[in-house]
Structures are given as structure tokens and as C-alpha cells.
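Trainee: Sequence and predicted structure below; questions after.
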Amino acid sequence: MNLFDTVLRCVATLVVFLTLPLVIGQTEHKVMAHMQGRLGPMYAGGFHGWAQLIADGVKFAQKEDIVPAGADRRIFQLAPAVSLLPYLFVLLAIPVGPDGFVGQAIDAGLFFVLAVMGVGVIGKLMAGWASANKFSLLGGLRTAAQLMSYELPMVLAAASVAMAAGTLSLPGIVDAWQWYWIPWQIIGAFVFFTAGLAELQRPPFDMPVADSEIIFGAYTEYTGLRFALFLLSEYVGILVVSALTAVLFLGGWHGPLPDQLGWLWTLLKTFALAFVVIWLRVTYPRLREDQLMRFAWTVLIPLALVQLALTGIIKVAIS
Amino acid sequence: MSFPGAGLAKGLAVTLRTMTRKTVTAQYPDAQPSLPPRSRGVIALLEENCTVCMLCARECPDWCIYIDSHKETLPAADPNARARTRNVLDRFAIDFSLCMYCGICIEVCPFDALFWSPEFEYAETDILELTHERDRLREWMWTVPVPPALDPAAEEPKEIASARKAADKLAAAAAAALEQGGDAQ
């Protein structure tokens, strides 16, 4: 792998990192609007408001960057980066197509991805603590509690796939994937996707940013570009969780088309899952904090353990 | 028979079905809304009909109608008669920043000088501009729609009924006179 190749892969990942979340955001605008019988943005850019998020970005960039007087300045200013950057690194390790169509193939890719995604939590906790605001602190602590409890089912579900494939490498897992994995790993897929949704604090798991009770949780005091970075991290998060679910449970680039077009399948599955994320947001009300915790500990974790046992039994039976 | 999660699935079906339907949003500045008849947009003044009786100004709950007038004496038509005076309107203004669109002024006007117009796009950047003077109120008259037709089974309006009664009486009298004349011959 020469220097040019490395730079190309990094730049490509960066471009994906900056564009696909916007596509998902715009889809959310439109899908949510139509699911509620509205039209959504119609003016920005001329054709059905396609440039709405660009306009939003320009607006955010023009706003004053305020740091509250009582805030811990350095931590406060650093928090958006800490919450956003892990997703960039995760994106680097997600395989899109066969034969090295990936930013950087890592042998323990699954391990790397789950570990790095956990770092994003620290960014939100930093934001909540450094804001010197009780709502931010509440939001930050809720985020921490939620992510702690949902990390476990997510890791267990991912472990089940790793067991089935016999490897921790993401391209390796997709290579080993067979169609019958879908019924076999369906519980794991459900647990992983749901836990991922909770990690992103997307509705119905958006208690940490519940705007009707704690304003906007850890992001309450943020304005301008830093706030936009938090929003961006949410949408990159949707991309990452959808792509990971597609890669781990839906067979990534496997599909009826020849392998050269495998990346198209990965993208298609990712966007289908992103649509489901939006769909769930529109449909369901927010879970209460105690319901949220109970769901993780009494539903998702037992399900993940059942899946793990099932995977182990079938794996032994096959070999 | 319901299985756990049936409600959740039903919810997803509702949102998905709504997405496939046509939206109800009206693109307002691009598409004008279709307003129902008798829409209360703005109040128009037909000042030719106004006799400065002040009923509207007195009944207005917000006191947002301003009327100034003076009396003019008309020379007597015939030397034995008394000279007549009549009211001349100097100012008629409605302050739409105070108006609550109750329509009482229009209801009480005995001479049909005030009307509802469905026009609603007269927002201003200065609140003082919302006080429409008589020429502006007169201009709104051109936007007043024809009153909607009566229901097919509705009673005849009073003025038409009384006019018809008078005409019928007259026709009957004429017919009677004609008959009498025929008898005399």
C-alpha cells in the first residue's frame, strides 16, 4: 500500500463522512414530512428544497460561538470533536465492497469499531459536564447511563456474528456470510440495531435529549458550528449503525448483482436501514427513562444471550 | 387474536400509509387559499351609503372606528318649507390593529355601508399603517364578493316579498278596474 493509495482512501472516507450524513438528513426532512402529511423543505436550492441542509450549515456557521461564563472552556470547546471524530474512524474500517474496498482493513475490525464508537459517549458526557447547566448535566448523565446499558447487548449481538463467522475482521465476516444467516442471526440483528438506535439517542430512545423536559440535554448550551457538529455526529451515527448492521447481519455486498457492483448493495442496505431509523422516529413516542433502562436489561440482554447460545449450538452442530 | 407488538406494527403501517398519500400542505404564497364564502378578511366601506349615524362606532367593542363629520344645510326646495340639514362624512377610519373581526359594525349598519371582504394580505411593517382611512376602505369595496345565493328552499327575502305583495295588489286593482270598465260597456 503506497502513500497515494493511503491518501486516496482517507480522502474518500472523508468525502463519505461529509456527504452521506447530509443525504440521510435530507431524507429525514422529507420522509418525516410526508409521513406527517406535510411537504417538508421546498424552497432551498429550488427543487424540493434539496439544499436545505447546506442552507442550515451556512446559518450555523454565521452564528456566534458562545461559551457560557461558568463553563469549563477547554472541555466545552473540545466536546463536539470528541463526539464526532470516533465515527470518522469507524467509517474508515467499514467494508463497502469485496477485495479491499474498505478504508483500512483491520484484523480485529469488529473490536476496533465497537471500542471506538464507545468513545463518542465521552464527548457527550464532556459536553454535559462542562456546560455548567443542570439540564446539560442531567442530559449528560442520562446519556452515560443509556450508553452503558445498551453497549452490552450491542457487543453481545456483535459477538454472536463474530462467533458464526469465526473471525473479528469485518471483510472476513462478510466473506463468510451465507443467506441462511438472516434467519439464524435475526434476533442478534434486532438487538444490534435497536441498541445502536439507543446509542445514537434517536427516538424512541432520545431521553437524554428529551427537548420537552430537559431542553436539549447535553447540547443545551451549544450554538453555531459546535452545535452543528453535534447534529452531524448524530447523522454520521445513523450512517455508521446502519452500515454496521448491513455489514454484520445483512451480508454487506452479497446480492444478485456481480461482485463489482457489491458496493451498491452495501449502500442500498445501509440506506434501507437508515430509512427504518427515520421511520421509527416518526412513529414511536419517547420511552421514559426507567422504561428505557428496563428495556435494555430485561429484554435486549436476555435476547442477546439467547442469540449467543443459539449461535454456539448451531456452530458446533455444523462443524 | 393479538400478538405482542401488534400495536407497534400498526403504528408503523399508519406512518407508511400516510407517506404514500398526497400531502395536505397548501403552498400558500405560490397557491392562494380557497376561502369559504363570508370569509372575514377586511371591512370595506361604501361611503355613498353612510349617513354618519355612528351606530357602528358606538357598537364597536374595541372602539376602533373613528368617524368625523359636519352638518351641511341644504337650501329649502320650496319657500314655505324648512331648510334641511344633512351629515357629511369627513373621516371614516378603522384601526385593524385593534379590530377583532367580530363583524358587529357590519351587522348594525342600517344603510348597508359596511361589508366583509375576503382580502387578508394587508400586513404592514408599521402598526400605524393598519389604520385604514376612508379612501382605502372604499377601495376594499371592489373586492367584496356577490352575496351567496339563498338556499333553494329558503324563504323569500323580506324586501322582495313586500315588493311582490305590492305589485300583486296593484295588478289585482288594475285587473278589477279593467273588468269594471268591460261591464260598463
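Mentor: Nice, thanks for sending it over.
Trainee: C-alpha only now, for contacts and for neighbours.
Mentor: Fine.
Trainee: before we move on, which element is the residue most central in space within chain A in?
Mentor: Geometric centre of chain A, nearest residue: residue A:237, 2.7 Å, by Cα atoms, centre = their mean. Using DSSP states H and E, residue A:237 sits within helix A:224-249.
Trainee: what comes up buried for that helix?
Mentor: Under the neighbour-count criterion of 16 or more other Cα atoms under 10 Å in any protein chain shown, helix A:224-249 has A:224-249 buried.
Trainee: Name the next helix or strand following the strand ranked longest in chain B along the chain.
Mentor: Counting residues, the longest strand found in chain B (DSSP state E) is strand B:84-95. Sequence-wise, the next helix or strand downstream of strand B:84-95 (DSSP H and E) is helix B:104-108.
Trainee: could you point out which element follows that following helix?
Mentor: strand B:114-117.
Trainee: Run the chain-centre distance for that following strand.
Mentor: Distance, stretch centre to chain centre, for strand B:114-117: 3 Å (Cα atoms, centre = their mean, to the nearest Å).
Trainee: can you check stretch A:74-88 too?
Mentor: 15 Å.
Trainee: and what of stretch B:166-175?
Mentor: That offset, for stretch B:166-175, works out to 35 Å (Cα atoms, centre = their mean).
Trainee: Verify the stated contact: the residue nearest to the centre of chain A with residue A:87.
Mentor: Yes. With contact defined as Cα atoms under 8 Å, residue A:237 reaches residue A:87; the gap is 6.6 Å.
Trainee: now for whichever strand or helix holds residue A:311, which elements pack on it?
Mentor: Per DSSP H and E, residue A:311 falls inside helix A:301-318. When contacts are defined as 3 or more Cα pairs under 8 Å, 6 or more residues apart in numbering or on different chains; DSSP states H and E, helix A:301-318 sits against helix A:134-165, helix A:186-199.
Trainee: what's in contact with the helix or strand just after the shortest one?
Mentor: Meaning helix A:186-199. Under the assignment DSSP H and E, the closest C-terminal helix or strand after helix A:186-199 is helix A:211-214. Here helix A:211-214 makes contact (Cα atoms under 8 Å, 6 or more residues apart in numbering or on different chains) with A:135, A:136, A:138, A:139, A:217.
Trainee: Contacts only, for the nearest residue to residue B:93 once chain neighbours are set aside.
Mentor: Nearest residue to residue B:93, sequence neighbours excluded (Cα to Cα, 6 or more residues apart in numbering or on different chains): residue B:133, at 4.4 Å. Residue B:133 makes contacts with B:91, B:92, B:93, B:94, as judged by Cα under 8 Å, 6+ apart.
Trainee: follow-up on the earlier one: out of the helices and strands packed on helix A:301-318, flag the one nearest chain B.
Mentor: With Cα to the nearest Cα, the closest approach to chain B among these belongs to helix A:186-199: 13.7 Å.
Trainee: can you count the residues close to the closest residue to residue A:105 other than its chain neighbours?
Mentor: Excluding the flanking residues, the one nearest residue A:105 by Cα to Cα, 6+ apart is residue A:93, at 6.0 Å. Around residue A:93 there are 23 other residues, counting by other Cα atoms under 10 Å in any protein chain shown.
Trainee: distance of residue A:93 from chain B?
Mentor: Per Cα to the nearest Cα, to the nearest Å, residue A:93 is found 33 Å from chain B.
Trainee: Could you tell me the phi and psi values at that residue?
Mentor: phi -100, psi 0 (degrees, to the nearest 10).
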